[in-house]
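*Asks:* Return a 3D structure for these sequence lines:
(one chain, ligands or ions: 1)
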Amino acid sequence: MKLLAIKINCGHEIEDGLTYFLQDTLNAKGIEARKRSDFVLEGQKHDSSLVELDDIEDLPEDLELTAYFDQDADQSKIIDQIKSKIKEMEGFGLDVGNVSISTKNIADEDWNTAWQKYYHVIDFSRLLAIVPDWEDYQPAFKDQKLIRLDPGLAFGTGGHTTTQLVLLAMERALTKPVSVMDVGTGSGILAIAASKLGAKSVLATDISDEAVSAAKENIRLNGIDNITVKKANLLKDTDEKFDLIIANILAEILLELIPDLNNHLNKDSQIIFSGIDYKQLPKIENALAKENLEIKMKMQEKRWICLLIARKDQ
Ligand SMILES: C[S@@+](CC[C@H](N)C(=O)[O-])C[C@H]1O[C@@H](n2cnc3c(N)ncnc32)[C@H](O)[C@@H]1O
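*Replies:* Residues are numbered from 1 along each chain as shown. Below is the predicted model of the structure:
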């Protein structure tokens, strides 16, 4: 089945009114909203957000609403109705911005699976490859481990620099079958990698329900039985100690985690932190020093820093 997509660029003041009209009066089957201000705010967050404005294609001038209708809907009638609704709202004194309307026919099947087109095998290293659940892959080396993934809505496709730096650091740190905690597991990618690299057991936690379900599903896809997944806030909901703690979260959240680390470390434990923008590094270094923790290895790719950390006396 095909769909008619009508894209409206306009001012954000009419978002609520126009969305309601598209849904309730024009019976749109679905509506997608993209607002420049959301991206800009996200980009400014703590100076270390995972969103890079330059990476966003076609950033809207202000608000972009895309409404989806059946393909045989009366296109010109719908557009006339939208135009007169916008005029009416302008008459109420609302700033409607620079209005432009465009249309496109799209295949319905593409809607659910469109993002899959951009997600392919990541032949990551000598030891690891990340393979979307729907793709085939033959490793060049027999002992290269495959991480099967269907990330769904959770963060962690393996494509982000911050995730990849942790994978590299884990290859360095996991020289024995140790116990691992993955804080902020997202899709479960790092927990699965830890298990495949030989961890004895892994506790994977996340604060988000979507991440917890995605991680469980991905662990099932990989047929792994030594990972436990729990919904939890950082280290606050566990008393256990771990040989390796990994966390790929923004620096501001890592700063919250640091004071709790010592209670969860064994004698020779190591910690891997990623998701740190280079500008945030001094704050992290100070907070670690206060806890008698030391950076043993530092990796940087573009603006992202990943640290391998241990106790000072180790
Ligand atoms: C950048 S993603 C990392 C996902 C995956 N580990 C990776 O490296 O690709 C950060 C994850 O941390 C989770 N998170 C954020 N705050 C958290 C908190 N206070 N406690 C636990 N998880 C948290 C988010 O829900 C998100 O899934």
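
*Asks:* Every contact and neighbour count from this point should use C-alpha atoms.
*Replies:* Fine.

*Asks:* any idea which residue sits dead centre in the chain?
*Replies:* Centroid-nearest residue in the chain: Phe155, 2.6 Å away (criterion: CA atoms, centre = their mean).

*Asks:* I'd like the distance between it and the ligand.
*Replies:* 5 Å (CA to the nearest ligand atom, to the nearest Å).

*Asks:* Then Phe273?
*Replies:* Computed as CA to the nearest ligand atom, the Phe273 to the ligand distance reads 10 Å.

*Asks:* For the strand or helix carrying Leu190, C-alpha coordinates in PDB please.
*Replies:* Under the criterion of DSSP states H and E, Leu190 resides in helix 189-196. Taking Å, rounded to 0.1, in the frame of the first residue of the first chain, the C-alpha atoms of helix 189-196 are listed here in PDB:
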ATOM      1  CA  ILE A 189      25.300  -4.000  22.600                       C
ATOM      2  CA  LEU A 190      28.200  -3.600  25.200                       C
ATOM      3  CA  ALA A 191      26.800  -6.200  27.500                       C
ATOM      4  CA  ILE A 192      26.600  -8.700  24.600                       C
ATOM      5  CA  ALA A 193      30.100  -7.800  23.500                       C
ATOM      6  CA  ALA A 194      31.400  -8.300  27.000                       C
ATOM      7  CA  SER A 195      29.900 -11.700  27.200                       C
ATOM      8  CA  LYS A 196      31.200 -12.600  23.700                       C
END
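
*Asks:* neighbours around the nearest residue to Val183 once chain neighbours are set aside, how many?
*Replies:* With sequence-adjacent residues excluded and distances taken as CA to CA, 6 or more residues apart in numbering, Val183 is closest to Ala247, at 4.9 Å. Neighbour count for Ala247, taken as other CA atoms under 10 Å: 23.

*Asks:* isn't there a helix covering Ala247?
*Replies:* No: with DSSP: H, G, I helix; E, B strand; the rest coil as the criterion, Ala247 is strand rather than part of a helix.

*Asks:* is it true that it touches Val180?
*Replies:* No: using CA atoms under 8 Å, Ala247 is not in contact with Val180; the gap is 10.8 Å.

*Asks:* follow-up on the earlier one: beta partners of the residue nearest to Val183?
*Replies:* Counting by DSSP bridges, Ala247 forms beta bridges with Val183, Phe273.

*Asks:* what is the mean pLDDT for stretch 301-312?
*Replies:* For stretch 301-312, the mean pLDDT works out to 94.

*Asks:* Name the residues of that stretch that come out as buried.
*Replies:* For stretch 301-312, the neighbour count (16 or more other CA atoms under 10 Å) marks 304-311 as buried.

*Asks:* Put together CSV for the residues you listed, with distance to Glu64 and secondary structure on each row.
*Replies:* CSV is the format used below for the buried residues of stretch 301-312 (distance: CA to CA, whole Å; DSSP: H, G, I helix; E, B strand; the rest coil):
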residue, distance to Glu64, secondary structure
Trp304, 31, strand
Ile305, 34, strand
Cys306, 36, strand
Leu307, 39, strand
Leu308, 42, strand
Ile309, 44, strand
Ala310, 47, strand
Arg311, 50, strand
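
*Asks:* Just put those residues in CSV and tack on distance to Leu149.
*Replies:* Below are these laid out as CSV (distance: CA to CA, whole Å):
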residue, distance to Leu149
Trp304, 24
Ile305, 25
Cys306, 23
Leu307, 25
Leu308, 26
Ile309, 28
Ala310, 30
Arg311, 34
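
*Asks:* So in this structure, which helix runs the longest?
*Replies:* In the chain, taking DSSP state H as the definition, the longest helix is helix 75-91.

*Asks:* Break down the protein into its helices, ranges please.
*Replies:* Going by DSSP H, the chain shows helices at 15-20, 36-44, 75-91, 108-113, 161-173, 189-196, 209-221, 251-257, 281-290.
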